[in-house]
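S.K.: sequence? don't have it. structure:
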């Protein structure tokens, strides 16, 4: 059987019905000719029941009896036959012929059940309104609802899009309309409700070129409803509306969000409530990528106020879904809200502007919700490090053979604290007792799920100690370190003794102490030279047992990027890791970073605007609950993956075995490598999360990890061990990416010396 080709290319896409008043001879002849040409037309004649309703409306106090009703109808029809009375309306797109009351009586009957919610006088005011609707998803619901209430005399519809199957989750229409222009579908629906309403179509959607016609041709619009997707048009139509004094109404179909901008009453009102006043709207139409558009889009959608499900869905756009979701219930609610506000504006019953929420989940909330244990976190805490403890622990260790003065101690500590630390938490407290210097672990700032077995803190201590030794060399001093010298108190990480030396330790690295920083920007593609690699390996091996391996081939870098990205995702999706990142590490503003002088300034993450937006919406525990429930969150893999792929090489520092001392010694090697790299124009970006997660897996038996995390980590470990075979026998200490890149956007702050150095 051969199926006919697509008929939509052949049919008339008109939306205007034909009217025949057959008591006029010319109309009678035209209708007879139509019926002769199309004998299959379906005829619907319910004029008698419509007249019943009309008679009832004229006698509301008493319902006429059947005989009386027939007499009233006959008297009303007069000399005309029942067939001749009223108007015959032909809908060519469905080939239906309907017998209706004519306009005045039709309007009276169709709006009869509105009285007195809408009085007849108000109905007549509404019947003179010119409403524009741009975008016909939510716009369809608003348009049809207004048509049902007869809140306009003319409606102008603008949309360039064709109906797709995916639209039917929220647009109320039939499958037979697939492939048709949305404006045609909505116009027909309105005409099938009320053929006397005027519907004007802009099938190309609203454009900069037709905007004047849309607003003014046939009379200026009274209200415009914005439901379009185009960012540039959203902004441009508001500027046009503002210049003409036309109010704008917009529904966002999430949490019942409704925007109203009364440019008719507030001619100087900033568009979009001033949310994008700091941005140059003239550039919007030239923007091609989402990265450019995000600063404009986010204030419009209400990043702080959107629902948890929409936030979580936003993270999944471009991952497991192609666009933002909308529900029919929300769109239907939006139709009601938009239509209601437009009606009250037209009737001078509402005079305000603003953003409103009619959130059904809040208004009709669950009073007895089921217990939710999908996001369980705890606040790790540690005993405060008091001066008495530091004094009592260090006094027996005081060596009076070499005493540092206050200036020397402050100079040494000032250099030491420029070392890196996990999340810039700066876990050190320095204590000077009788001219001797000691390094304590201030656990109150570092204790966390992320700092398993104090690994990251010990690496930071090693890096700080290396700075201390280099700075001491500038003073003509040599440093000897004793790690964990008091068995009863492991919070004392190191004690130092000093002696004079004619050889300045690490003098070639000294200029790098103030220069060193983390740079997460993408590499420019420049490769590592053999000389640089040799130099980095050489300085790493100055720590007894430390070895640096560097991977450069694209295949292995790709595998490492995948590993790092997957671990990044794990951390974000694991409630405790998520909680600590957002509540302990991340600093959203300059003021917050400056106030705490700890943590990661968001600018240091070198994220795109859309990535920042994703990071912000993922802040909510509710989002993480949902992403875990859906098996989502792949977007988190993007945060570092692109940067890792741009690396010139990936470095891994190992030590012979797992021990606290080896992590400190490894930290010394890390700092030497870092300083050497930065002094040679190379950027370093730590990507050690896989190393730390694997330490928890192997040394901590997967403590506080889910079964899925453990399974995935075991697979990732097998891949990583194939790339760095030394991990089969040695302990990974620190993994990092090397690249030549533009300057970092920002340098992390450090606490002042007086906060982390105490004198006895």
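M.R.: Sure thing, it's come through. Being a predicted model, the structure only gives us computed values, none of them experimental.
S.K.: stretch 681-693: end-to-end distance?
M.R.: Chord length of stretch 681-693, first to last residue, is 30 Å (CA to CA, to the nearest Å).
S.K.: mind listing the strands for the stretch 651-760 of the chain?
M.R.: For the stretch 651-760 of the chain, applying DSSP state E, counting those that start in this stretch gives strands covering 683-686, 731-739, 757-759.
S.K.: rounded mean pLDDT for the last one, please.
M.R.: If I follow you right, that is strand 757-759. In this model, strand 757-759 carries a mean pLDDT of 97.
S.K.: do the same with stretch 670-689
M.R.: For stretch 670-689, the per-residue pLDDT averages 98.
S.K.: ok, back up a step: any idea which of the strands of the stretch 651-760 of the chain is most buried?
M.R.: Most buried of the strands of the stretch 651-760 of the chain, by mean neighbour count (mean count of other CB atoms under 10 Å): strand 731-739, with a mean of 26. Just so you know, the C-beta spots here come from the backbone N, C-alpha and C atoms, and that holds for glycine as well.
S.K.: quick one: distance of stretch 606-623 to the chain centre.
M.R.: When distances are taken as CA atoms, centre = their mean, to the nearest Å, stretch 606-623 is centred 5 Å away from the chain's centroid.
S.K.: in CSV: the strands of the stretch 651-760 of the chain, plus distance to residue 558.
M.R.: Output for the strands of the stretch 651-760 of the chain, formatted as CSV (distance: least, CB to CB, whole Å):
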stretch, distance to residue 558
strand 683-686, 17
strand 731-739, 13
strand 757-759, 45
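S.K.: confidence score at residue 612?
M.R.: For residue 612, the model assigns a pLDDT of 89.
S.K.: tell me the SS of it?
M.R.: When classified by DSSP: H, G, I helix; E, B strand; the rest coil, residue 612 comes out as helix.
S.K.: in contact with the spatially most central residue of the chain, which residues are there?
M.R.: Central residue of the chain (CA atoms, centre = their mean): residue 614, 3.7 Å from the mean position. By CB atoms under 8 Å, 6 or more residues apart in numbering, the contact set of residue 614 is 314-315, 635.
S.K.: swap in residue 545?
M.R.: Here residue 545 is in contact with 655-656, 662, 665 (CB under 8 Å, 6+ apart).
S.K.: among these, name the buried ones.
M.R.: For the contacts of residue 545, a burial check counting by 16 or more other CB atoms under 10 Å picks out 655, 662, 665.
S.K.: which of those fall in helices?
M.R.: Using DSSP state H, the subset of these located in helices is 662, 665.
S.K.: check what pLDDT the residue located most distally from the centre of the chain gets.
M.R.: Within the chain, residue 79 marks the point farthest from the mean C-alpha position, 68.6 Å out by CA atoms, centre = their mean. pLDDT recorded at residue 79 is 95.
S.K.: that one and residue 23, how far apart?
M.R.: 9 Å (CB to CB, to the nearest Å).
S.K.: repeat for residue 219
M.R.: Computed as CB to CB, the residue 219 to residue 23 distance reads 32 Å.
S.K.: so for the two, which sits in the more crowded spot?
M.R.: residue 23 (15 against 11; other CB atoms under 10 Å).
S.K.: SS state for that one?
M.R.: coil.
S.K.: so it touches residue 82, yeah?
M.R.: No: taking contacts as CB atoms under 8 Å, residue 23 lies outside contact range of residue 82: 11.5 Å.
S.K.: list the buried ones in stretch 686-701?
M.R.: Across stretch 686-701, burial judged by 16+ other CB under 10 Å covers 686-697.
S.K.: centre of the chain versus the helix or strand containing residue 499, how much separation?
M.R.: Using DSSP states H and E, residue 499 sits within strand 492-500. Its chain's C-alpha centre and that of strand 492-500 lie 49 Å apart, by CA atoms, centre = their mean.
S.K.: then stretch 453-465?
M.R.: Here stretch 453-465 shows a centroid-to-chain-centroid distance of 35 Å under the convention CA atoms, centre = their mean.
S.K.: stretch 538-553 too?
M.R.: A distance of 40 Å separates the centroid of the chain from that of stretch 538-553, by CA atoms, centre = their mean.
S.K.: what about it, start to end distance?
M.R.: As for stretch 538-553, its first-to-last residue distance stands at 21 Å under the measure CA to CA.
S.K.: pretty sure residue 260 sits in a strand.
M.R.: Yes: under three-state DSSP, residue 260 falls within a strand.
S.K.: doesn't residue 356 make contact with it?
M.R.: Yes: between residue 260 and residue 356 a contact is recorded at 7.3 Å, counting by CB under 8 Å.
S.K.: between the two, which one's more packed in?
M.R.: Each of residue 260 and residue 356 has its neighbours counted (other CB under 10 Å); residue 260 has more, 22 against 15.
S.K.: the helix or strand harbouring residue 391 packs against which elements?
M.R.: Applying DSSP H and E as the criterion places residue 391 in helix 387-394. When contacts are defined as 3 or more CB pairs under 8 Å, 6 or more residues apart in numbering; DSSP states H and E, helix 387-394 packs onto strand 428-433, strand 436-441, strand 492-500.
S.K.: and it, what's its mean pLDDT?
M.R.: Mean pLDDT, helix 387-394: 97.
S.K.: hmm, who's touching it?
M.R.: The contact list for helix 387-394 (CB under 8 Å, 6+ apart) reads 429, 431, 433, 436, 438, 440, 486, 489, 491-492, 495, 758, 760.
S.K.: could you do stretch 272-281 as well?
M.R.: Contact partners of stretch 272-281, identified using CB under 8 Å, 6+ apart, comprise 235-236, 238-239, 259, 261, 270-271, 295-296, 299-300, 353-355.
S.K.: could you do stretch 40-56 as well?
M.R.: Taking CB under 8 Å, 6+ apart as the rule, stretch 40-56 contacts 34-35, 63-64, 69, 72-73, 76-77, 82-83, 85-86, 90, 94-101, 105, 108-109, 112.
S.K.: which stretches of this structure have low pLDDT?
M.R.: Judged by pLDDT under 70, the chain has its weakly predicted residues at 1-11.
S.K.: how does it divide into domains?
M.R.: Domain segmentation of the chain under automatic domain parsing yields 12-110, 116-363, 387-512, 518-739.
S.K.: for those, give me JSON lines that also has distance to residue 748.
M.R.: Shown next, in JSON lines, are the domains of the chain (distance: least, CB to CB, whole Å):
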{"stretch": "domain 12-110", "distance to residue 748": "62"}
{"stretch": "domain 116-363", "distance to residue 748": "25"}
{"stretch": "domain 387-512", "distance to residue 748": "5"}
{"stretch": "domain 518-739", "distance to residue 748": "6"}
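S.K.: residue 403: what's it in contact with?
M.R.: Counting by CB under 8 Å, 6+ apart, residue 403 has contacts 434-436.
S.K.: in ChimeraX, how would I select the buried members of these?
M.R.: Burial among the contacts of residue 403 is assessed by 16+ other CB under 10 Å; the matching ChimeraX selection reads:
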select :435,436
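S.K.: out of the contacts of residue 403, which comes closest to residue 164?
M.R.: Of all the contacts of residue 403, residue 164 sits closest to residue 436, with 75.6 Å by CB to CB.
S.K.: mind listing what the closest residue to that closest one other than its chain neighbours touches?
M.R.: Spatial nearest neighbour of residue 436, excluding adjacent residues (CB to CB, 6 or more residues apart in numbering): residue 398 at 5.0 Å. Contact analysis of residue 398 by CB under 8 Å, 6+ apart lists 433-434, 436.
S.K.: residue 398 and residue 328: what is the separation?
M.R.: As judged by CB to CB, residue 398 and residue 328 stand 76 Å apart.
S.K.: where exactly do the helices run in the stretch 201-350 of the chain?
M.R.: Using DSSP state H, counting those that start in this stretch, the helices of the stretch 201-350 of the chain run over 211-216, 231-244, 290-301, 308-316, 328-346.
S.K.: nearest to residue 595 among these would be which one?
M.R.: Of all these, it is helix 290-301 that lies closest to residue 595, at 24.6 Å by CB to CB.
S.K.: for residue 30, which non-adjacent residue is spatially closest?
M.R.: Nearest residue to residue 30 in three dimensions, chain neighbours excluded: residue 20, at 6.2 Å (CB to CB, 6+ apart).
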